[in-house]
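*Asks:* My questions are about this predicted structure, shown below with the sequence.
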Amino acid sequence: MTPGPRAGRREWWGLVVLVLVTVIISMDMTVLSYALPFISAEQAPTSSQLLWITDIYAFVLSGLLIPMGTLGDRIGRRKLLIIGAALFGVASAASAYAATPEALIGTRALMGAAGATLMPSTMSLIRTMFRDEGQRRAAIGIWASGFSAGGAIGLLVGGGLLQSFHWGSVFLINLPIMLVLVVLAPLLLPEYRNPRAGRFDLLSTLLVFVAVLPVVWGIKECAEGGASTPALVAVVVGLLFVPIFVWRQRGLDDPMVDVRLFRKAAFSAALVTSLLTNFALVGFLFFTSQYLQLVLGLRPFEAGLWSLPQVFTAAIGAAVLAPALAARFRHAVVIVIGLLVGGCGFLLMTRVGVDHGLAEAVIGQALSALGMAMVLTLTAELVVTNAPPERAGAASGLSETGSQLGGALGVALLGSLGAFVYRSGLADVDAPADAVAAARETLGSALEAAGRLPTAAGDLLAGAARSAFVDEVHASAYAVTGTLLVTAVVAFALLRKVARPTPPPATPPERNTEDDDPAAAVEQEPGAQKAAEQDAEPEDTVPV
């Protein structure tokens, strides 16, 4: 097929801005990990509140990604990006100074709502800015490497800040970055808007929340106090709203989600694979940070430094290996390779212990990041290239929703499994009842309770808690490895007949020639196309 027009310097520098957005969103899913022990010590949240603090951000973001994608198509994707950056900065400042667990949960939810205005613009803009297939694949790889590396960067930055500053500093770092984004976006990104895109359907938005939040609440309640009637009823009610949401979309002339996209095996398989990959990658981070700090005794910054290798392996996997292998082999083969490499990394985490395991943890994280980055790059490409250009925004919203939901579910479900294993390990510990009760909440609470006991009794409780937590890590690692193996089988079965995607190049935004109604046209900001043409250089590569 004839390749599309090649992007110039303006598009590549615009990609830098879009990657900056994904890095920040990814960072804020993990930057809190190293702050959890400090929050536990200062605010004494329950284990359920601790999980809510961690993943409410991702759940709210997931519920609003699709509606905000539609809103961006209507008012302008760049405009929504700038508005979202300002709101994200305000919500970050509020989180930094939250005084109670309840307040922090609320401000983290606001951050998720603001983050949802940022994410839908990135992939849809990439789809439009990069019309040459090779450049688009490279751009998606760079974008995916930014998202994958952002989680590890968040761990490093968080660890460094917590060495000298209050835990709220992990949120304050968002402020200058959001300011830079607000300044650079108008200079580097063109404005795209399509008034014919799906309308903002409030009922569909409410149905998403009613479907997701009861399920999550029920899972967390089961993790906190065991299976109860209210928790199980909540899970069932949430699941019942899923077909109602689908029915609503089928009945709309202009649906928020075009459910016909799911008829394509490549599209559906890519979404499921992406969700399960993020389930493993993000969910396991809940254990990694606490293992390095509370079991091995590393300081936050030291733990962050030991997480650096996964930043580099994620970048290599997404920006180098995935595009190179996808140019030679079917996507199914490369995705399976990535899942198996990631599974080996998580399996290595079953070798860590109470008094050893740093090397295993570092190598395991690096391998898992390498494999997962390869998978996420190719699933993102499959989603975008298997959706028609006019549905690129909706497809991007669906993809990001699945990714964020997968990560949040990983935290919830693996956290629930881990809590069960951890508490079982403390069932027979010989210590005062009140100390054991506190220890059963979290490992941080256990070490704090042990510090209040006489030396011998405290050492016994702390040792038992660390041993129970290592068992928790092992159980979660086995669960994640098994999940990735099943995902590899399913992905290969569904994608093995799918050829390497070669979609027609996306047409640049232009006025609708079928009628003279300016409001019905897909609009581009005046002067943006001219600037893009002036900057375009046919033989350009990524600027250095």
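*Replies:* Sure thing, it's come through. Numbers count the residues shown, from 1 in each chain.

*Asks:* okay, CA-based contacts and neighbour counts for the rest of this
*Replies:* Fine.

*Asks:* What strand or helix carries residue 378?
*Replies:* Assigning secondary structure by DSSP states H and E places residue 378 in helix 358-385.

*Asks:* pLDDT on that helix, on average?
*Replies:* Per-residue pLDDT over helix 358-385 has a mean of 89.

*Asks:* and it, how far from the chain's centre?
*Replies:* In this view, helix 358-385 has its centroid 12 Å away from the chain centroid, taken as Cα atoms, centre = their mean, to the nearest Å.

*Asks:* After it, which helix or strand is next?
*Replies:* Counting by DSSP H and E, what follows helix 358-385 is helix 392-425.

*Asks:* confidence score at residue 544?
*Replies:* On pLDDT, residue 544 comes in at 29.

*Asks:* My guess is residue 446 contacts residue 434. True?
*Replies:* No: with contact defined as Cα atoms under 8 Å, residue 446 and residue 434 do not form a contacting pair (10.8 Å).

*Asks:* From the structure, what's the count of residues near residue 493?
*Replies:* 12 (other Cα atoms under 10 Å).

*Asks:* That one: what secondary structure?
*Replies:* Here residue 493 is recorded as helix under DSSP: H, G, I helix; E, B strand; the rest coil.

*Asks:* With residue 497 instead?
*Replies:* coil.

*Asks:* Would you mind giving the domain segments of the chain?
*Replies:* Listed by automatic domain parsing, the domain ranges of the chain are 9-188+256-501, 201-255.

*Asks:* tell me the contacts of the nearest residue to residue 306 once chain neighbours are set aside?
*Replies:* Spatial nearest neighbour of residue 306, excluding adjacent residues (Cα to Cα, 6 or more residues apart in numbering): residue 362 at 6.4 Å. Residues in contact with residue 362 (Cα atoms under 8 Å, 6 or more residues apart in numbering) are 306, 307, 309, 310.

*Asks:* Could you report the distance from residue 439 to residue 473?
*Replies:* In this view, residue 439 and residue 473 are 17 Å apart by Cα to Cα, to the nearest Å.

*Asks:* Looking only at neighbour counts, state which of those two leads.
*Replies:* Set residue 439 next to residue 473 and count neighbours by other Cα under 10 Å: residue 473 wins out with 28 against 24.

*Asks:* need the contact list for that one.
*Replies:* Residue 473 neighbours (Cα under 8 Å, 6+ apart): 287, 349, 350, 418.

*Asks:* Correct me if wrong: the third one contacts residue 474.
*Replies:* Going back to what we said before, that points to residue 350. Yes: Residue 350 lies in contact with residue 474 (Cα under 8 Å); the separation is 4.6 Å.

*Asks:* Which one (most neighbours) among the contacts of residue 362?
*Replies:* That'd be residue 307 among these, by other Cα under 10 Å, with 26 neighbours.

*Asks:* Residue 157 is in contact with that one, correct?
*Replies:* No: using Cα under 8 Å, residue 307 is not in contact with residue 157; the gap is 10.5 Å.

*Asks:* burial of residue 425, as a residue count?
*Replies:* When neighbours are counted by other Cα under 10 Å, residue 425 comes out with 20.

*Asks:* Confirm for me that it is in contact with residue 463.
*Replies:* No: using Cα under 8 Å, residue 425 is not in contact with residue 463, being 11.1 Å away.

*Asks:* No further queries at this time; thank you.
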